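A.B. asks: generate a structure from the sequence data that follows.
(chains A and B)
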Protein chains: 2
Amino acid sequence: LNNSRLSLSEFEHGILKADRMVLAKAITLVESSRADDIALATALMDKISVSAGNSIRIGVTGVPGVGKSTFIEAFGELIIREGKKIAVLTVDPSSQLTKGSILGDKTRMENLSKNPNAFIRPSSSGSVLGGVTGKTREAILLCEAAGFNVIIVETVGVGQSEVAVRNMVDFFLLLMLAGAGDELQGIKKGIMEMADAVVITKADGDNTKRAREAQAEYQHALHLFPVKVSGWNPPVMISSAYEKSGIHEIWNKILQYEAKIKSTGFFDHQRQQQNQVWFLDYFQQLLNADFQNNETLKKITESLSKLVGTSELSAFKAAHDLMKAYHQQIKDR
Amino acid sequence: LNNSRLSLSEFEHGILKADRMVLAKAITLVESSRADDIALATALMDKISVSAGNSIRIGVTGVPGVGKSTFIEAFGELIIREGKKIAVLTVDPSSQLTKGSILGDKTRMENLSKNPNAFIRPSSSGSVLGGVTGKTREAILLCEAAGFNVIIVETVGVGQSEVAVRNMVDFFLLLMLAGAGDELQGIKKGIMEMADAVVITKADGDNTKRAREAQAEYQHALHLFPVKVSGWNPPVMISSAYEKSGIHEIWNKILQYEAKIKSTGFFDHQRQQQNQVWFLDYFQQLLNADFQNNETLKKITESLSKLVGTSELSAFKAAHDLMKAYHQQIKDR
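C.D. replies: Residues are numbered from 1 along each chain as shown, chains lettered A, B, ... in the order given. Predicted coordinates:
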């Protein structure tokens, strides 16, 4: 397999054979905003869609320092021993803009990444215009088609990405530290409401007692939230990735949740709703690509931008002018 | 002034007279994505643009709990005593999606908000498609036209919003806590690179010594970053909003920075570059509004969404179908 462009059938068969190199290339393909790549990616997604979907999709979030990587590594190793195949996708809304410096350069999940039953991929958030989640959903389907049956979508930071990720997973796991200040807990309220489980991390050594106290506190806090549409009662658990404690219990909870929402029909219902959100997001991406791939519009954009840069034209007027040019382009096609 | 729609000239004159009610309504107007509101907002922005720009725009960021509100309140009170008028705009990328619960319901900056020379406005991030920053830049210009000559843009959370806010301010201030863990500091590296000054907050009582140590540490860390295009050497300072210490020094640094970059021409250069970014962002918003305000497309979107919801159509195919319908609509106009 060299670096030349793969054909549709090479992509399709490589993925279905679980060829990790092809899978990685396919994710790169769907992340591209080039017109010919979009056409190929769309055809590929269409082909592999029938083989996708057979997984449990788990979102993992928490503030920096909570231990997301170490947790996911311990979790991944456990469920691989149970015969599962795990893919880990990381959504980092900042990476594109700051060229990855926010996550730093350290190698993450080193052991897990060497395991043949694991696939780890930092998911670029696409272009600035591509939105927070970029092509993470496409990456999920590709991993599923390649036979990965546990998909972890890890978020970085606090805010927009959590909401986006909640919209693409079956189960949303919030990691928290014991002993964080009141204000920090208040900030987390909006995210706590989305959680299907809260895990207090680093519950080892001297920290175990504090973790148990935090567990009781958060369990109480969660009782104050409205009942979830899924009917699921989110548990608060404690875990130590260092001592590898609590990990099995979390996995069992997820299996219990999966069984419950599959029996009630909520599993399918939620995925169908998520597909509706996806449809609009994907349309948005097509709209951006439609614009960005047009050479004439690119040139018009550049000359308008120059006029804005020299204060000869306001940003507002330039945007309206560009809109007119875009409409004219479509009419002339 | 009642709740009925204001005319263009009522908006214009109200803003130029510094009528805070009209200013608030004008910000609501520019945040709207209704077609007629966009037309009026565009005309208004065009009118007031000539009166805008005469301010120093300061971005303030930091992790939850660092004390942004108390800092801004102390800072605002100081510069009002110096004869300035201050507007505080808050960019909260999560507020729209979680209905504001992330910021909690507590009243923020209570004293400052009562001051006639202050204007405080949480800036909605607009629709999900509107991007992180929504109409914050329009709000900045409106506040400037109303005579506010110090504009604070406060961000919430870590990640995308900082980069967006850096792109709309003259000076970017990063608040940090003493004694945060190594990992947290690593995470902040991308944001530290954007800072024009770092302030260690809560430098009072027992914490003063730790704050001074952190100051030395961060000052050292900043020296390792590449020299800024502005030629400015970002200082690390310490402050206590509680003891109101260090606030005056920060304001003096900002004045020193302003004088320096105005003398080198970087002030204008940076604002012109920011206008170019704004032009593209604003075009993006027009593109979304163009689509969202079309009744036929709304109906087509709904019926496609239903088919996606019942799994009769994939999200991909539905998005491509919608794209075709959008093009047809433009052609038929």
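A.B. asks: does residue A:200 really touch residue A:174, like I thought?
C.D. replies: No - Residue A:200 lies out of contact with residue A:174 (Cβ atoms under 8 Å); the separation is 10.0 Å. C-beta here means a position set from N, CA and C on the backbone, and glycine is covered the same way.
A.B. asks: and these two? which has more neighbours close in?
C.D. replies: Between residue A:200 and residue A:174, residue A:200 has the larger neighbour count (other Cβ atoms under 10 Å in any protein chain shown), namely 27 against 24.
A.B. asks: list the beta-bridge partners for that one.
C.D. replies: For residue A:200, the beta-bridge partners under DSSP bridges are residue A:176, residue A:238.
A.B. asks: separation between it and residue A:25?
C.D. replies: 39 Å (Cβ to Cβ, to the nearest Å).
A.B. asks: before we move on, what about residue A:144?
C.D. replies: Residue A:144 is 17 Å from residue A:25, by Cβ to Cβ.
A.B. asks: have a look at the two and say which one is more surrounded.
C.D. replies: The neighbour comparison of residue A:144 against residue A:25 (other Cβ under 10 Å) goes to residue A:144, with 22 against 18.
A.B. asks: pretty sure the more buried one is touching residue A:53, no?
C.D. replies: Yes - proximity of residue A:144 to residue A:53 meets the contact threshold set by Cβ under 8 Å, at 6.0 Å.
A.B. asks: before we move on, what SS does residue A:108 have?
C.D. replies: Three-state call for residue A:108 (DSSP: H, G, I helix; E, B strand; the rest coil): coil.
A.B. asks: enumerate the residues of the stretch 201-333 of chain A near chain B.
C.D. replies: The stretch 201-333 of chain A has residues A:272-273, A:275-276, A:278-280, A:282-288, A:290-291, A:301, A:304-305, A:308-311, A:314-320, A:322-323, A:326-327, A:330-331, A:333 near chain B, with proximity defined as Cβ under 8 Å from any Cβ of the partner chain.
A.B. asks: which members of these are positioned in helices?
C.D. replies: Among those, the members falling in helices (DSSP state H) are A:272-273, A:275-276, A:278-280, A:282-288, A:290-291, A:301, A:304-305, A:308-309, A:315-320, A:322-323, A:326-327, A:330-331.
A.B. asks: anything in contact with each of residue A:144 and residue A:53?
C.D. replies: Common neighbours of residue A:144 and residue A:53, counting by Cβ atoms under 8 Å, 6 or more residues apart in numbering or on different chains, are absent.
A.B. asks: do I have it right that residue A:264 meets residue A:232?
C.D. replies: No - the pair residue A:264 / residue A:232 is not scored as a contact, 9.4 Å apart, by Cβ under 8 Å.
A.B. asks: out of these two, which sits in the busier spot?
C.D. replies: Ranked by neighbour count (other Cβ under 10 Å), residue A:264 and residue A:232 place residue A:232 first, with 18 against 13.
A.B. asks: hang on, the more buried one is in a helix, isn't it?
C.D. replies: No - the assignment for residue A:232 is coil, going by three-state DSSP, so no helix is present there.
A.B. asks: now it: how far from chain B?
C.D. replies: 19 Å (Cβ to the nearest Cβ, to the nearest Å).
A.B. asks: and that residue, how far from residue A:257?
C.D. replies: As defined by Cβ to Cβ, residue A:232 lies at a distance of 6 Å from residue A:257.
A.B. asks: likewise for residue A:215?
C.D. replies: On the measure of Cβ to Cβ, residue A:215 and residue A:257 end up 18 Å apart.
A.B. asks: those two: which has the busier surroundings?
C.D. replies: residue A:257 (23 against 20).
A.B. asks: buried residues, the helix or strand containing the more buried one. List them.
C.D. replies: Using DSSP states H and E, residue A:257 maps to helix A:247-264. Using 16 or more other Cβ atoms under 10 Å in any protein chain shown as the test for burial, helix A:247-264 gives A:247, A:250-251, A:253-254, A:257, A:261.
A.B. asks: got a list of what residue A:316 touches?
C.D. replies: Counting by Cβ under 8 Å, 6+ apart, residue A:316 touches B:42, B:45-46, B:49, B:282.
A.B. asks: Produce a ChimeraX select command limited to the buried residues of these.
C.D. replies: In ChimeraX, this line selects whichever of the contacts of residue A:316 come out buried by 16+ other Cβ under 10 Å:
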select /B:42,45,49,282
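A.B. asks: out of the contacts of residue A:316, which sit inside helices?
C.D. replies: Using DSSP H, these in helices are B:42, B:45-46, B:282.
A.B. asks: filter those residues down to the ones near chain A?
C.D. replies: Within those, those near chain A by Cβ under 8 Å from any Cβ are B:42, B:45-46, B:282.
A.B. asks: give me the distance between the nearest residue to residue A:75 once chain neighbours are set aside and chain B.
C.D. replies: Nearest residue to residue A:75, sequence neighbours excluded (Cβ to Cβ, 6 or more residues apart in numbering or on different chains): residue A:247, at 5.5 Å. Note on residue A:247: its distance to chain B, by Cβ to the nearest Cβ, is 21 Å.
A.B. asks: residue A:15 and chain B: what is the separation?
C.D. replies: From residue A:15 across to chain B, the span is 16 Å (Cβ to the nearest Cβ).
A.B. asks: for the helix or strand that contains that residue, what is the distance to the chain centroid?
C.D. replies: For residue A:15, the host element (DSSP H and E) is helix A:8-16. Relative to its chain's centre, helix A:8-16 lies at 23 Å (Cα atoms, centre = their mean, to the nearest Å).
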